[in-house]
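A.B. asks: Fold the following for me, if possible:
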Amino acid sequence: MLGGQTRSALPGIAVVGALACAGCFERGGKTERKGEPRAHDAGVSTPAPRSAEPPEPTGEPDGDAAIAIRLEADVLSANNRIAATNRTHFATHRITALNLVSSPGAGKTALLVASIAALRRRARATDIAVIEGDQQTSNDAERIRAAGAPAIQVNTGKGCHLDARMVGDAFARLPLHGHHHDHEHAGDHAHEHRHHDLGALGVETARRLLFIENVGNLVCPALWDLGEAAKVAILSVTEGDDKPLKYPDMFAAARLMLLNKVDLLPYVDFDLVRCIEYARSINPAIEVIPVSATRGDGIDAWLDWIEQAALQPRESAAARA
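C.D. replies: The predicted structure follows:
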């Protein structure tokens, strides 16, 4: 079975074995899990060398391709079932979960730090938590905790994205999960949860936000539903204005595009209008907010958007597709 197993490591860090990615699955490749021997990916064999003349197309995938397609469908289907459970769990807790996706270095963590500070100034009753996804280190989670929000670091090892099980396991360790729970513990420390939907009981609840900072990657996270209300694509002006055309699946899946580091526009060759046009050629409904995590541009508009997302939650693009 393909799937990461969460293990305890350092406090606040969930170490997850790499999940073979359906979007970049390599036939005959190997997956190395932390602390485990290398092993061939389940169900996939190295294809035999092909002759110089390709066979006539039959309209059907060859054996290896059929296995890969079936495996991809199985993995994504299993993930989507867990994502649906996460989504129900978040709704019961009155939590708006946002999946932040970008290339490495686009400024996700800096934007989160600025957002946490601004949210504290605007609405002190807001409960905030963060799940941080990186292949290695706990650096980003430490920055989030220093900004005043609880964070769980998920290290994916060779994995290139978070999946729904990783997010569900990490969420269970956050203070947001502890609100309005009754726990019944068995002797083996397993427990069942009795969730109370306080809104349905007529009890006023504070706003709760869960930010999921995905692994820096504009390819694979587009396919993987985590149970979020929306994917938010963050694009830095230092990356090039044609990124939406190069990575269309991500911008098709995103509900919002944050154009970050706009304070650097005078120093880079980046056409803001053209970038927005490219994004809307892929996804006509995508919303766009230019921001600067360092200077504060657009942060209020970003917080307004979060408030609307909390008031009118939608299923993720992956769930709607």
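A.B. asks: And the strands in the stretch 201-321 of the chain, which stretches?
C.D. replies: 208-213, 230-236, 256-260, 287-290 (DSSP state E, counting those that start in this stretch).
A.B. asks: which residues sit in contact with Gly105?
C.D. replies: Applying C-beta atoms under 8 Å, 6 or more residues apart in numbering, we find Gly105 in contact with 216, 236, 238. (Each C-beta comes from the backbone N, C-alpha and C, glycine too.)
A.B. asks: rewinding a little: please identify which of the strands of the stretch 201-321 of the chain is closest to Ile276.
C.D. replies: strand 287-290 (5.2 Å; C-beta to C-beta).
A.B. asks: which other helices and strands contact the closest one?
C.D. replies: strand 256-260, helix 272-282, helix 299-311 (3 or more C-beta pairs under 8 Å, 6 or more residues apart in numbering; DSSP states H and E).
A.B. asks: Save the strands of the stretch 201-321 of the chain as CSV, and put in mean pLDDT too.
C.D. replies: Below are those laid out as CSV (pLDDT from 0 to 100):
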stretch, mean pLDDT
strand 208-213, 96
strand 230-236, 98
strand 256-260, 98
strand 287-290, 98
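A.B. asks: JSON lines please, covering those and showing mean neighbour count.
C.D. replies: As requested, those are exported to JSON lines (neighbours: other C-beta atoms under 10 Å):
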{"stretch": "strand 208-213", "mean neighbour count": "25"}
{"stretch": "strand 230-236", "mean neighbour count": "26"}
{"stretch": "strand 256-260", "mean neighbour count": "25"}
{"stretch": "strand 287-290", "mean neighbour count": "18"}
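A.B. asks: Dump those into a markdown table; add distance to Ala146 as well.
C.D. replies: Shown next, in a markdown table, are the strands of the stretch 201-321 of the chain (distance: least, C-beta to C-beta, whole Å):
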| stretch | distance to Ala146 |
| --- | --- |
| strand 208-213 | 15 |
| strand 230-236 | 20 |
| strand 256-260 | 20 |
| strand 287-290 | 25 |
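A.B. asks: Can you say which of those strands is nearest to Arg173?
C.D. replies: Comparing the strands of the stretch 201-321 of the chain by their distance to Arg173 (C-beta to C-beta), the top pick is strand 208-213, with 12.3 Å.
A.B. asks: If you count contacts, what does that closest one end up packed against?
C.D. replies: Under the contact criterion of 3+ C-beta pairs under 8 Å, 6+ apart, strand 208-213 touches strand 95-102, helix 108-122, strand 127-134.
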